[in-house]
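Novice: the sequence and its predicted three-dimensional model are supplied below.
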Amino acid sequence: MKKALKIMAIVIISLIVVLLVALGVYWHHNMHWYDKYQKALDKVGAEEKKFTLPNGNIINYGEVKNDKPALLLIHGQMGIWEDYALVMPELCKNWHIYAVDVYGHGGSSHDESLYYIDVNGDDIITFINEVIGEPTVVAGHSNGALTAAYIAAYGGENIAGAVLEDPPVFSTQGEGWEQSFAYLDTYKNLHDYNNSDKTECWEAYYLRNCYWGQLFMKDSMPKIADYAQSYHEKHPDEPVKIGFMPSSVWYIFQFAQEYDLAYGEHFYDLTWNHGLTHEQILSDIDVPCVYIHAKENTAEDGTYLCAASREQAERAVSYIGDNCRLIETSDSDHIIHTAHKDDYINAVDSLLK
């Protein structure tokens, strides 16, 4: 009997140790998810630089130098240029990479008067002409893809092609906007937060009110939000991290401190388009183009859990014409350049002359 109890105790202790080790590995993996990004940037020798335009605006950017053709990368909402780190080692085999911070993000100018597709787009065209100075393929993600479309349409002789990575086409000019995941999850909450007394950090407010949280984890979200607020108070100069949750849920907080919440207001009220229509911009693209669409996905209540429906993507391509090729991924993961790296790199490389 005594021996059996001893064996049972050893088994229980062993199981506890295994569980603690597994939890520790899981926690460490989540807390250090960004390390691989920094390693990739170091591996390719990416350099961070700034360009001051004649109008005084500043574009912060990363560059991976070589003698290959020029590729300009434009991140999506709440990202920064390092967002592309994981694909840079492959892309730099064929491309001289420039990756810019959009206005209101990272080290580029933070000034609400600049948060429009044409204002930011025109300054990036100046960047292409004055800093790159040669034919350039422009590749953008999400609303960065819409900016890439604007540059492809109006950038002039130095634009050699464009890759549009899952742009929120038509929806961000009002088509079903208030029924979209992006509006319900992010922009409505961002607007409400900006108009609140801000008694907690944005990250905590977002977790307390986000659409996916209310849909799948309603009872747990208040405690998770409280944890985020506590983390922010203990580490006010660091991104909020939540070790007990997958980093894929909260990675968007990595660059939140470098994001101007006023930028998002221009998506909430649809003023970012500055009077331009997506139909007109897409119709004016004459350069070779690839549109990468993340597979359509909808919630049970009909809310689109994707940037654009299949119909919207096909309609966008029809406006561009025969010079555009449509590719669709196998799932609805919006960040295609990390979720489907090979598909993304092949799409970009297809525009090599």
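Specialist: Arrived safely. Numbering: from 1, shown residues only.

Novice: my guess is Ser180 meets Thr303, correct?
Specialist: Yes - in this structure Ser180 lies within contact range of Thr303 using Cβ atoms under 8 Å: 7.0 Å. No exception for glycine: its C-beta is placed from N, CA and C like everyone else's.

Novice: quick one, strands of the stretch 51-200 of the chain?
Specialist: For the stretch 51-200 of the chain, the strands defined by DSSP state E, counting those that start in this stretch occupy 58-64, 70-74, 96-100, 136-141, 159-165.

Novice: quick one on the thing from earlier: more neighbours, Ser180 and Thr303?
Specialist: Ser180 (23 against 18; other Cβ atoms under 10 Å).

Novice: partners of that one in the sheet?
Specialist: Residues in a beta bridge with Ser180, per DSSP bridges, are Tyr304.

Novice: return the most buried member of the strands of the stretch 51-200 of the chain.
Specialist: Neighbour counts (mean count of other Cβ atoms under 10 Å) averaged over each of the strands of the stretch 51-200 of the chain peak at strand 136-141, with a mean of 29.

Novice: what residues sit buried inside the longest helix along the chain?
Specialist: With secondary structure taken from DSSP state H, the chain has its longest helix at helix 2-31. By 16 or more other Cβ atoms under 10 Å, the buried positions in helix 2-31 come out as Asn30.

Novice: now the angle from the next helix or strand after that helix to helix 2-31?
Specialist: Remark: after helix 2-31, the chain's next helix or strand is helix 35-44, criterion DSSP states H and E. For helix 35-44 against helix 2-31, the angle by axes from the mean of the first three to the mean of the last three Cα atoms, to 10 degrees is 50 degrees.

Novice: helix 35-44 vs strand 58-64, what angle?
Specialist: With the same axes, to 10 degrees defining the directions, helix 35-44 sits at 70 degrees from strand 58-64.

Novice: determine the set of other helices and strands touching helix 35-44.
Specialist: helix 88-91 (3 or more Cβ pairs under 8 Å, 6 or more residues apart in numbering; DSSP states H and E).

Novice: how about the helices in the stretch 101-250 of the chain?
Specialist: Along the stretch 101-250 of the chain, counting by DSSP state H, counting those that start in this stretch, helices occupy 117-127, 143-154, 181-182, 188-194, 202-209, 211-216, 221-234, 247-250.

Novice: now those helices as TSV including mean pLDDT, mean neighbour count and distance to Ile327?
Specialist: Formatted as TSV, the helices of the stretch 101-250 of the chain follow (pLDDT from 0 to 100; neighbours: other Cβ atoms under 10 Å; distance: least, Cβ to Cβ, whole Å):
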stretch	mean pLDDT	mean neighbour count	distance to Ile327
helix 117-127	98	21	23
helix 143-154	98	26	13
helix 181-182	90	22	21
helix 188-194	96	18	31
helix 202-209	96	22	31
helix 211-216	89	15	26
helix 221-234	97	16	35
helix 247-250	85	17	23
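
Novice: can I get those in CSV including distance to Glu258?
Specialist: Output for those, formatted as CSV (distance: least, Cβ to Cβ, whole Å):
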stretch, distance to Glu258
helix 117-127, 16
helix 143-154, 15
helix 181-182, 20
helix 188-194, 15
helix 202-209, 12
helix 211-216, 23
helix 221-234, 15
helix 247-250, 16
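
Novice: what's the closest of those helices to Thr172?
Specialist: Smallest distance to Thr172 across those (Cβ to Cβ): 6.7 Å, for helix 143-154.

Novice: who are the packing partners of the closest one?
Specialist: Going by 3+ Cβ pairs under 8 Å, 6+ apart, helix 143-154 lies up against strand 70-74, helix 117-127, strand 136-141, strand 159-165, helix 278-283.

Novice: quick one: contacts of the second one?
Specialist: Residues external to helix 117-127 that are found in contact with it (Cβ atoms under 8 Å, 6 or more residues apart in numbering): 51, 53-55, 57, 59, 61, 72, 74, 98, 100, 102-103, 113-114, 146-147, 150-151, 154-156, 272-274, 276.

Novice: helix/strand/coil for Leu326?
Specialist: With DSSP: H, G, I helix; E, B strand; the rest coil as the basis, Leu326 sits in strand.

Novice: that one and Tyr291 touch, don't they?
Specialist: Yes - counting by Cβ under 8 Å, Leu326 touches Tyr291, with 5.0 Å between them.

Novice: circling back to that earlier point, with distance to Lys6 as extra columns, can I get the helices and strands packed on helix 143-154 in TSV?
Specialist: Shown next, in TSV, are the helices and strands packed on helix 143-154 (distance: least, Cβ to Cβ, whole Å):
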stretch	distance to Lys6
strand 70-74	61
helix 117-127	70
strand 136-141	59
strand 159-165	60
helix 278-283	72
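
Novice: quick one: which of the ones you listed is nearest Ala256?
Specialist: Nearest to Ala256, of all those, is strand 136-141, at 17.3 Å by Cβ to Cβ.
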